[in-house]
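Participant: What follows is a predicted structure for the sequence shown.
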Amino acid sequence: MKLAKWAHDLTESLLAESLPRRWAHSQQVYAQALTLAPALGADAELLAAAAIAHDVGYAREAMDTGQHMIDGARYLRDVVGADARLCSIVAFHTSSPWEAAELGLSETLAEFGPAEQGLVDAITYCDLTSSPTGHLVDPAARLVEVLDRYGPEHVVYRAVSAARPELLARVHRVRQRRAEAAQEKIS
Ligand SMILES: [Fe+2]
């Protein structure tokens with residue numbers, strides 16, 4: 001778990017003290033990524049690393065455009081020289097393309113493309129099953145909580161409203177994939 005340990009230490013240094021809730025959330029997202037390891041095979045460590053680091057764009061050191069997925073991916077690429085696939089997962093996680101479109105940042109996001117659908121599904125599943133305070137949560141309830149927190153005037157509200165069907169479809173695909181992997185193990 002070399003890459004994951006590196007990402008864990010980096011994220012801890014960026015979030016633990018200044019943004020403890022984000023750090024608690026990130027640790028739960030990481031724990032969820034570990035549960036997907038049997039379904040991900042060779043990409044399990046990459047997902048774990050992306051999971052712990054997915055919200056580094058909220059750190060003061062990373063903030064730039066205000067779109068935290070892009071800011072996190074840029075920080076990982078430009079400041080610490082992270083693996084390109086890791087940066088891509090962080091860039092495209094959860095509602096990122098919708099948020100980027102709202103902010104006129106779709107071309108900027110495309111710097112990190114093309115997105116790898118299976119890994120983006122997986123990180124979205126991990127993010128949406130982890131509450132802001134670091135507990136397991138139902139993804140549909142989590143999306144309602146996000147919408148309530150931001151309110152209809154906010155860009156995140158509009159992006160998440162538009163993205164919701166696809167985000168829940170991603171969760172469904174990951175659950176299916178996890179069930180299939182468990183089945184293969186039994187048979
Ligand atoms: Fe998150």
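Facilitator: Cool, got the structure. Note that the structure is a prediction, hence the values are computed from the model and not measured. Residues are numbered from 1 along each chain as shown.
Participant: Determine the set of other helices and strands touching the longest helix along the chain.
Facilitator: If you go by DSSP state H, the chain has its longest helix at helix 155-186. For helix 155-186, the elements it packs on are helix 37-40, helix 96-103, helix 117-128, helix 139-150, judged by 3 or more Cβ pairs under 8 Å, 6 or more residues apart in numbering; DSSP states H and E. The C-beta positions use only the backbone N, C-alpha and C, and glycine is treated the same way.
Participant: out of these, deepest packed?
Facilitator: helix 117-128 (a mean of 23; mean count of other Cβ atoms under 10 Å).
Participant: Is there proximity between it and the ion?
Facilitator: Yes: for a cut-off given as Cβ under 5 Å from the ion, helix 117-128 has contacts with the ion, namely Asp127.
Participant: quick one: contacts of that helix?
Facilitator: Contacts to helix 117-128, defined as Cβ atoms under 8 Å, 6 or more residues apart in numbering, come from residues 29-30, 32-33, 36, 39-40, 43, 46-47, 50-51, 54, 85, 88-90, 92-94, 137, 139, 142-143, 167, 170-171, 173-175, 177.
Participant: And the residues you listed, which of them are buried?
Facilitator: Burial of the contacts of helix 117-128 was assessed by neighbour count (16 or more other Cβ atoms under 10 Å); the buried members are 29-30, 32-33, 36, 39-40, 43, 46-47, 50-51, 54, 85, 88-90, 92-94, 137, 139, 142-143, 167, 170-171, 173-174, 177.
Participant: End to end on stretch 73-92, go ahead and measure it.
Facilitator: Using Cα to Cα, to the nearest Å, the span of stretch 73-92 from its first residue to its last is 9 Å.
Participant: Residue numbers of the chain in contact with the ion?
Facilitator: Near the ion, when you scan the chain using Cβ under 5 Å from the ion, you find 55, 127.
Participant: which intervals of the chain have sub-threshold pLDDT?
Facilitator: With pLDDT under 70 as the threshold, the chain has low-confidence stretches at 1.
Participant: Quick check: most distant residue from the centroid of it.
Facilitator: Ser187 (31.9 Å; Cα atoms, centre = their mean).
Participant: Could you pull up phi and psi at Glu61?
Facilitator: Backbone torsions for Glu61, taken as degrees, to the nearest 10, come to phi -60, psi -20.
Participant: wait, what's in contact with it?
Facilitator: For Glu61, the contacting residues are 14, 75, 79, taking Cβ under 8 Å, 6+ apart as the criterion.
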